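**Q** Quick one, what's the 3D model for this:
(4 chains)
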2 protein chains.
Amino acid sequence: MIYFKADYMQKSALFQGLEKEELETVRSSIVPIVKTYEKNEIILRQGDVVKYVGILLDGRVSGLKYHYDGSVQILKFLNPLDTIGLESAFSSFHTSPYMFIADKHCSILCIMYAELFTSQGGSISCKLKLLKNVVNILSDENIRLMYKIDTLSKRTLRDRILTYLSIIREKRGSDRFDIGMTQEQFALYLCVNRSALSSELNKMRKEGLIDFDKSIYTLKLRFGLPKE
Amino acid sequence: MIYFKADYMQKSALFQGLEKEELETVRSSIVPIVKTYEKNEIILRQGDVVKYVGILLDGRVSGLKYHYDGSVQILKFLNPLDTIGLESAFSSFHTSPYMFIADKHCSILCIMYAELFTSQGGSISCKLKLLKNVVNILSDENIRLMYKIDTLSKRTLRDRILTYLSIIREKRGSDRFDIGMTQEQFALYLCVNRSALSSELNKMRKEGLIDFDKSIYTLKLRFGLPKE
DNA sequence: TAATATATGTTGTTAAAACAACATTGTTAG
DNA sequence: CTAACAATGTTGTTTTAACAACATATATTA
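**A** Here you go, the predicted structure:
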């Protein structure tokens, strides 16, 4: 309860744009629960029925996908104020398409999503705002997924790397940025072999295309990707 | 105008659930335009600002993506009553992430999406219904994109093929289904070389894993994908 | 139905990444 | 500070798909 502070919640994509009074009404018609997770603890499993929308208050969460053959794919990272499981809550299956794992100690505010919209309480204009926020979150998610598809559609390792880094550069508006992943995680995200990634990155560094240190990368290419 | 028939429109994902009177109200507060396109005509270009939401009345549309190097990716096919450009209309950029091309002669009902929600007219409950429909459409789009990512995340051609076919089988609930693509289009979708796809498909047929004729495929594997 | 275009199949060669195995560096906790 | 672990770098071998070039089959239409 203590975590449901209006001024903080207003910063989350789910509640942004709501007036303090509206947030109060929402708060009074739901029963928010704060759950905490230790590092590496599983928050949601693939296929789990999702009845709660989560808002990450603190920590970091990875969204992973496990395949039949044991391979793993990294889909996204969540940071404070991001929502968890929204896309599942509104999908026709109501089940989680990926597994969520706590990267470090996390606290998550959980809201039964049914309460959000079926609750008589809140004004209808408040519901409208909430729904529009959901639409925006889903649109953003869509864009993120399309970026990933753009990356994976590239055949060569180098193209995948450059495509991914270009997208991040565009997002951040800077040639130097933190991708927030170790090489190992980066390899999972790109769906490539870890050691192959390492050697390609070093090759590209030698050629002066990029530079990197830990998870901080510098993209030196100026005008799009190289023509073949 | 003639195309805006309530009983037909109610079948579209955007308008489903609306009562006839509600649809009437919507219709009266918007100016729907029907545009027609010849085969191979461009409907939207990448980066175009999207002000209209389209509903495909007749024909078939491909959603493609062109890359800097000239390569093309197939993202989706649209069939009658599918919406066009909805995901762009609600994204923060309001621009189309892909190019839409008419696969054959098409007619499309275009609605300025601003009119849909800013129009004073319609009851607010009608707006709520519309927004919920948008949420559902975006959720479905999300799932489609995740399927594609699942497919592309596979390293080998065979795994990509099997992943894709398994997803379609699940969707259709049958081992035999029409994927609605030529091998050439299938290769674009899978982001692989056309002739490599052809030879892998034939290899798999010889091994009894699948069968296919034109765009109709039979998946003979029963229990998931083969363990390595 | 012949002629053309489009789609699919086949082969050999080349390029690229996976993979395994190990070396090196960096980080963390007792 | 050092042992243990985690992350990154490096090499050689094997697997796989791209690619080019051509053959065959299937549609389309004049």
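
**Q** alpha carbons only for contacts and neighbour counts from here, please
**A** Will do.

**Q** which ones are touching residue A:129?
**A** By CA atoms under 8 Å, 6 or more residues apart in numbering or on different chains, residue A:129 lies in contact with A:17, A:18.

**Q** which SSE is it in?
**A** Counting by DSSP states H and E, the element that carries residue A:129 is helix A:124-152.

**Q** now residue A:200
**A** Counting by DSSP H and E, residue A:200 is part of helix A:194-206.

**Q** Please compute how far that helix lies from its chain's middle.
**A** Offset of helix A:194-206 from its chain centre (CA atoms, centre = their mean, to the nearest Å): 26 Å.

**Q** Quick check: can you name the pairing partners of the helix or strand that that helix is followed by and their directions?
**A** Of the helices and strands lying after helix A:194-206 in sequence (DSSP H and E), the nearest is strand A:210-213. When sheet partners are counted by DSSP bridges, strand A:210-213 sits next to strand A:216-219 (antiparallel).

**Q** anything in the strand it pairs with sitting right up against DNA strand D?
**A** No. Counting by CA under 7 Å from any atom of the strand, no contacts exist between strand A:216-219 and DNA strand D, the nearest distance being 9.6 Å.

**Q** quick one: the helix or strand hosting residue A:188 near DNA strand D?
**A** Using DSSP H and E, residue A:188 falls within helix A:183-190. Yes. Judged by CA under 7 Å from any atom of the strand, helix A:183-190 and DNA strand D are in contact via A:183, A:184.

**Q** what do you get for stretch A:141-155?
**A** Yes. Using CA under 7 Å from any atom of the strand, stretch A:141-155 reaches DNA strand D at residue A:155.

**Q** how about the nearest residue to residue A:30, chain neighbours excluded?
**A** Closest residue in space to residue A:30, ignoring its immediate chain neighbours: residue A:115 at 5.9 Å, by CA to CA, 6 or more residues apart in numbering or on different chains.

**Q** Surely the one you found is in contact with residue A:27?
**A** No. The pair residue A:115 and residue A:27 fails to qualify as a contact (CA atoms under 8 Å) at a distance of 10.3 Å.

**Q** picking up where we left off before, and the helix holding residue A:200, what does it pack against?
**A** Packed against helix A:194-206 by the contact rule (3 or more CA pairs under 8 Å, 6 or more residues apart in numbering or on different chains; DSSP states H and E) you find helix A:157-172, helix A:183-190, strand A:210-213.

**Q** and chain A, which of its residues are near chain B?
**A** Contacts of chain A with chain B, taken as CA under 8 Å from any CA of the partner chain, map to A:68-69, A:73, A:87, A:90-92, A:124, A:128, A:131-132, A:134-136, A:138-143, A:145-146, A:148-149, A:152-155, A:191-192, A:224-225, A:227-228.

**Q** give me every residue that touches the closest residue to residue A:219 other than its chain neighbours.
**A** Nearest residue to residue A:219, sequence neighbours excluded (CA to CA, 6+ apart): residue A:210, at 4.7 Å. Residue A:210 makes contacts with A:201, A:204, A:217, A:218, A:219, A:220, A:221, as judged by CA under 8 Å, 6+ apart.

**Q** can you give me how far stretch A:213-220 is from the chain middle?
**A** Distance, centroid of stretch A:213-220 to centroid of chain: 21 Å (CA atoms, centre = their mean).

**Q** Count the residues that sit near the residue of chain A found nearest DNA strand D.
**A** Nearest residue of chain A to DNA strand D, counting by CA to the nearest atom of the strand: residue A:183, 3.5 Å away. Counted with other CA atoms under 10 Å in any protein chain shown, the neighbours of residue A:183 add up to 17.

**Q** Which pLDDT value goes with it?
**A** Predicted confidence (pLDDT) for residue A:183: 97.

**Q** what does chain A put close to DNA strand C?
**A** Within chain A, the residues that sit near DNA strand C (CA under 7 Å from any atom of the strand) are A:155, A:156, A:157, A:158, A:191, A:192, A:193, A:194, A:195, A:196, A:197, A:200.

**Q** my read: residue A:97 touches residue A:46, true?
**A** Yes. Checked against CA under 8 Å, the pair residue A:97 and residue A:46 is within contact range at 5.4 Å.

**Q** DNA strand D contacts on chain A?
**A** A:155, A:182, A:183, A:184, A:195, A:196, A:198, A:199, A:201, A:202, A:214, A:215.

**Q** Please report the distance of the third one from residue A:218.
**A** By that I understand residue A:183. Plainly put, residue A:183 is 15 Å away from residue A:218 if you go by CA to CA, to the nearest Å.

**Q** what residue ranges in chain A score low on pLDDT?
**A** Applying pLDDT under 70 to chain A flags the ranges A:1-2, A:118-122, A:222-228.

**Q** Tell me how it divides into domains.
**A** Using automatic domain parsing, the domain parsing of chain A gives A:6-141, A:154-219.

**Q** check contacts around residue A:158.
**A** By CA under 8 Å, 6+ apart, the contact set of residue A:158 is residue A:200.

**Q** Which helix or strand contains residue A:55?
**A** Per DSSP H and E: strand A:52-58 holds residue A:55.

**Q** and residue A:72, what are its phi and psi?
**A** Note on residue A:72: backbone dihedrals following degrees, to the nearest 10 are phi -120, psi 150.
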